[in-house]
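# The amino acid sequence is not available; the structure is as follows:
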């Protein structure tokens, strides 16, 4: 009886062990880490990047707009059930009620509650991304802001780098339709799909290239095509020969081929795989053109960019042949083109199809076009004309800078301003009809023109800069840019609205322009700029703290006159404010600029003003 009892016990233990082993194998083979359950999309983080779940585009543009960002919608599609984080810890599903206004699907581990970062990011305006620590382990990095400020590296001078513009890439902005082949400056579509020349954008384009020229120093330039025998001739009349040009008093190449774009021209085969900024001096006698043959990475079929004598901005046909109008070139003119930018903007223009750039279509992923040029294969000339100084380089900053400087000389009106020929509609104020001036545009133009004068000693640049102060003396309602805060403090309006808007960054940019002018102008002609600058600085020092919220900054002061909520500055504008104050503390030395800048830097890291 005792033996039988022991056998039963032994059999029971064997069965129990077998069941335990099978259960262990089963649960471990079916266990999945909860962080990779696609059914629980609040916690799913495959390929997570900054702004992906937050639906926030990280823009570093400093060009100004008054539009408020669209509210980010928060989606709660959590359908997960109770699951195991590891073998011994259960996480339960729990609803989190936020201010009795919305419900978020969360997870609970005892007394600890886990809230999805997709909610945290939107609700508290913080940003997150996957990163790695020094030992190679993954980690999730959270920050309060995505933008970056720059401490001035040297003492600011009107001949040096403009603020932090050596970090700017204006031509890459979505609101730039293309770089005009006629003028060599950006064409904006921010407020009109047809495209228009926006002086602020053009000046920032120039100042960024000027600053990069100083930063980068000497660059390598590859000269090609000087030998006429290197060009392949087509047709019985085609030729390329070296001739003396009386106008330039130098030897140039004369070429002759058929005008038609469907006919072959004279071709120079090249193999340039490092430098993709193309430049040449050209003069046409007939309706000629210049084509660049390009090979992109991942493609075996060459792409052609043709620059034609037309005023049409950009066109791409069904065969992906790209055309840019360069206007009539019957006189010697320099053409400088960034091939990668021209390809990218043509493709975006095709996608846009004449639509206005706005928040809705700006968020389309189709705009994230990556252009990777593998090499330049050749240059083809059509028509009859002359060519010289054909080069490729990594950049041509001074060429771009002087294209913009010449645009400002050509387009300044009799009142000293650069009228903005597009309607600007702003919330809660009257629209600005085409022809309005901007103090920011005037100030930027001064900063550009005095630098052009410093490089060339051409007095026409300085004369235009001095003339640009005229709109500062007229009130906004009288077609000027002057406003008065509390009928006391003069303010130079970026947007001369009624009622006044008092935009901070545009005002400071106008002060920097006035500083550049008063510093560089002849002593007999700097008095007006100096007076305007001093009065503006007095206003800024008295009004600056009106823009401090205790956790960030305010874009403008419309709310004070309209009785509406303040227009809070996005982080990219907040860092613009910081960069501007750092520059002003560099040239002025007043403690208010340095102290305020340091406090505003703290806001970017989550610091707040203390409570009472």
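Yes, it's here. All values derive from a computational prediction rather than experimental measurement.
# switch to C-alpha atoms for all contacts and neighbour counts from now on
Fine.
# Next, give phi and psi for residue 201.
phi -70, psi -40 (degrees, to the nearest 10).
# do residue 563 as well
Per degrees, to the nearest 10, the backbone of residue 563 is at phi 70, psi 40.
# do the same with the one 10 residues further on
Reported as degrees, to the nearest 10, the phi and psi values for residue 573 are phi -70, psi -40.
# Residue 519 now?
Dihedral angles of residue 519 (phi, psi; degrees, to the nearest 10) stand at phi -80, psi -40.
# need the contact list for it.
With contact set as CA atoms under 8 Å, 6 or more residues apart in numbering, residue 519 has these partners: 158, 526.
# Residue 402 too?
Each residue near residue 402 by CA under 8 Å, 6+ apart is listed here: 206, 452.
# And the helix or strand harbouring it, what's buried?
Secondary structure assigned from DSSP states H and E places residue 402 in helix 397-411. Neighbour-count burial for helix 397-411 flags 397-409 (criterion: 16 or more other CA atoms under 10 Å).
# Going along the chain from the least confident helix or strand in the chain by mean pLDDT, find the next helix or strand for me.
The helix or strand of the chain with the poorest confidence is strand 83-86; it has a mean of 44 (mean pLDDT, DSSP states H and E). The first helix or strand that comes after strand 83-86 along the chain, using DSSP H and E, is strand 89-98.
# just the strands in the stretch 301-450 of the chain please.
In the stretch 301-450 of the chain, the strands defined using DSSP state E, counting those that start in this stretch lie at 303-308, 314-316, 322-325, 333-338, 373-382, 384-393.
# if we can go back for a sec, quick one: the helix holding residue 402 to chain centroid distance?
Distance of helix 397-411 from the chain centroid (CA atoms, centre = their mean, to the nearest Å) equals 20 Å.
# ok, residue 163 - contacts?
Contact analysis of residue 163 by CA under 8 Å, 6+ apart lists 152, 156, 579, 580, 583.
# For those, give me CSV that also has distance to residue 373, neighbour count and pLDDT.
Below are the contacts of residue 163 laid out as CSV (distance: CA to CA, whole Å; neighbours: other CA atoms under 10 Å; pLDDT from 0 to 100):
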residue, distance to residue 373, neighbour count, pLDDT
152, 34, 16, 91
156, 37, 17, 96
579, 34, 22, 97
580, 36, 22, 98
583, 37, 23, 97
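# Quick one: mark the members of those residues that sit in helices.
Among the contacts of residue 163, the ones falling in helices (DSSP state H) are 579, 580, 583.
# Is it possible to get a markdown table of those that adds distance to residue 511?
Listed next are the ones in helices among the contacts of residue 163 as a markdown table, based on distance: CA to CA, whole Å:
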| residue | distance to residue 511 |
| --- | --- |
| 579 | 14 |
| 580 | 10 |
| 583 | 11 |
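# Out of the contacts of residue 163, the closest to residue 494 would be?
Taking CA to CA as the measure, residue 494 lies nearest residue 580 of the contacts of residue 163, at 15.2 Å.
# and that closest one, what does it touch?
With contact set as CA under 8 Å, 6+ apart, residue 580 has these partners: 163, 505, 508, 509.
# Likewise for residue 238?
Residue 238 neighbours (CA under 8 Å, 6+ apart): 255, 256, 257, 258, 265, 266.
# how about a cut-off of 10 Å?
Contact partners of residue 238, counting by CA atoms under 10 Å, 6 or more residues apart in numbering, are 232, 255, 256, 257, 258, 264, 265, 266, 382, 383, 384.
# how far away is residue 267 from residue 252?
Separation of residue 267 from residue 252 (CA to CA, to the nearest Å): 16 Å.
# hmm, back to that, which of the buried residues of helix 397-411 sits closest to residue 450?
Closest approach between the buried residues of helix 397-411 and residue 450, by CA to CA: residue 405, at 9.9 Å.
# That closest one contacts residue 448, correct?
Yes. Counting by CA atoms under 10 Å, residue 405 touches residue 448, with 6.9 Å between them.
# Which neighbours do these two have in common?
Joint contacts of residue 405 and residue 448 (CA under 10 Å, 6+ apart) are 202, 203, 206, 207, 461.
# quick one: which of those has the most company?
Greatest neighbour count in those, by other CA atoms under 10 Å, goes to residue 207: 31 neighbours.
# name the element that residue belongs to?
Element membership for residue 207 (DSSP H and E) is helix 199-216.
# Which other helices and strands does that helix contact?
The criterion is 3 or more CA pairs under 10 Å, 6 or more residues apart in numbering; DSSP states H and E, and the helices and strands that helix 199-216 contacts are strand 186-188, helix 397-411, helix 439-456.
# and of the ones you listed, who's closest to residue 103?
Residue 103 sits nearest to strand 186-188 of all the helices and strands packed on helix 199-216, at 42.2 Å, using CA to CA.
# model confidence over that closest one, on average?
Mean per-residue pLDDT for strand 186-188: 97.
# likewise stretch 528-537?
Mean per-residue pLDDT for stretch 528-537: 98.
# what about that stretch, distance to the chain center?
Here the centre of stretch 528-537 is set off from its chain's centre by 31 Å, with CA atoms, centre = their mean.
# List the buried residues of it.
Buried residues in stretch 528-537 (16+ other CA under 10 Å): 528, 529, 530, 532, 533, 536, 537.
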